[in-house]
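Enquirer: just a sequence and a predicted model for now, questions to come.
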Amino acid sequence: MGIFSRFADIVNSNITSLLDKAEDPKKMVRLIIQEMEDTLVEVRSNSASLIAQKKELQRRVTRASNQEAEWQAKAELALSKERDDLARGALVEKQKCGELAQLLSSDMAQLEEQLILLKEEVIQLQSKLDEARARQKSMVIRTDTASSRLQVKKQLDTNKIQDSIDKFEMYERRVEDLESQVEAQNIGARSLNDEFAELAAQDAISDELAALKKKMKK
């Protein structure tokens, strides 16, 4: 099973749980990213383990190949001493070492293929993780904006706003009534400035009347 299959099973189970609980989308996005990060760490750890296994297989292949060469040399030595029995035994051991080296090489080749596939999947997962992180910021902004708009919409759809406006208008009318009462109190009342202005006007009229009489006498 590939890492994306395992990752999809984990994420889908958590998403289903979150949707059942009507969780905040921001929490769900954070959880998805966390699952991706955890999966990436786990896969990289597994990759390191497989690389260590590959190195161990390589050491065993090298050791088996060296032993095969040693048994070949021993077989040749036995034949030089006309010890066919020892030569036969050496060739048997050489054959075993050769078969072991081939088996280990086959295992190592399969392991190498798995590592190549795993590396490609890690690159894909890292790319998806980077993309998810970039889109997370946009998701957070969109979620906050939508939540704010929803709150405003709820307020507008209730009578609270209208009640506040009605109260404001009521107090505004009270202020206007008070202002009207003040203006009514001022009607008919003569201030000190009004008295002096009237005196000045009377003097001007008296002067003009005296001037007219003088003119008429002439």
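Expert: Perfect, I can see it now. Numbering: from 1, shown residues only.
Enquirer: which stretches of the chain have low pLDDT?
Expert: For the chain, applying pLDDT under 70 flags the ranges 1-23, 155-162, 182-192, 194-195, 218.
Enquirer: what about the helices in it?
Expert: Counting by DSSP state H, the chain has helices at residues 3-20, 25-80, 84-157, 160-186, 192-217.
Enquirer: so of those, which one's packed in deepest?
Expert: Mean neighbours per residue, mean count of other C-beta atoms under 10 Å, is largest over the helices of the chain for helix 25-80, with a mean of 15. All C-beta atoms are positioned from the backbone trio N, CA, C, and that covers glycine.
Enquirer: list the contacts of the residue nearest in space to the middle of the chain.
Expert: Compute the mean C-alpha point of the chain, and by C-alpha atoms, centre = their mean the closest residue is Gln136, 2.7 Å away. Counting by C-beta atoms under 8 Å, 6 or more residues apart in numbering, Gln136 makes contact with Val29, Arg30, Ile33.
Enquirer: contacts only, for the closest residue in space to the last one that isn't next to it in sequence.
Expert: In other words, Ile33. In space, and not counting its chain neighbours, Ile33 is closest to Ala132: 5.3 Å by C-beta to C-beta, 6 or more residues apart in numbering. Contacts of Ala132 were listed using C-beta under 8 Å, 6+ apart, and they are Val29, Ile32, Ile33, Met36.
Enquirer: for Lys27, see how far away Ala132 is.
Expert: For Ala132, the distance to Lys27 equals 14 Å [C-beta to C-beta, to the nearest Å].
Enquirer: before we move on, what about Ser147?
Expert: For Ser147, the distance to Lys27 - C-beta to C-beta - is 13 Å.
Enquirer: got the domain ranges for this structure?
Expert: Domain ranges of the chain: 3-151, 193-218, per automatic domain parsing.
Enquirer: turn those into CSV, including distance to Tyr171.
Expert: Below are those laid out as CSV (distance: least, C-beta to C-beta, whole Å):
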stretch, distance to Tyr171
domain 3-151, 27
domain 193-218, 34
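Enquirer: what's the closest of the ones you listed to Asp177?
Expert: Evaluated over these, closeness to Asp177 peaks at domain 193-218, with 26.4 Å, by C-beta to C-beta.
Enquirer: so how far is the closest one from its chain's centroid?
Expert: 90 Å (C-alpha atoms, centre = their mean, to the nearest Å).
Enquirer: ditto for stretch 107-125
Expert: 29 Å.
Enquirer: could you do stretch 101-111 as well?
Expert: Chain-centre distance of stretch 101-111: 44 Å, with C-alpha atoms, centre = their mean.
Enquirer: then that stretch to PDB, C-alphas only?
Expert: These are the backbone C-alpha positions of stretch 101-111, laid out as PDB (Å, rounded to 0.1, in the frame of the first residue of the first chain):
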ATOM      1  CA  ALA A 101      25.000 -13.700  -3.500                       C
ATOM      2  CA  GLN A 102      22.500 -13.900  -6.300                       C
ATOM      3  CA  LEU A 103      19.600 -14.100  -3.800                       C
ATOM      4  CA  LEU A 104      20.800 -11.100  -1.800                       C
ATOM      5  CA  SER A 105      21.400  -9.100  -5.000                       C
ATOM      6  CA  SER A 106      17.800  -9.900  -6.100                       C
ATOM      7  CA  ASP A 107      16.500  -8.700  -2.700                       C
ATOM      8  CA  MET A 108      18.600  -5.600  -3.000                       C
ATOM      9  CA  ALA A 109      17.300  -4.800  -6.500                       C
ATOM     10  CA  GLN A 110      13.700  -5.100  -5.200                       C
ATOM     11  CA  LEU A 111      14.600  -2.900  -2.300                       C
END
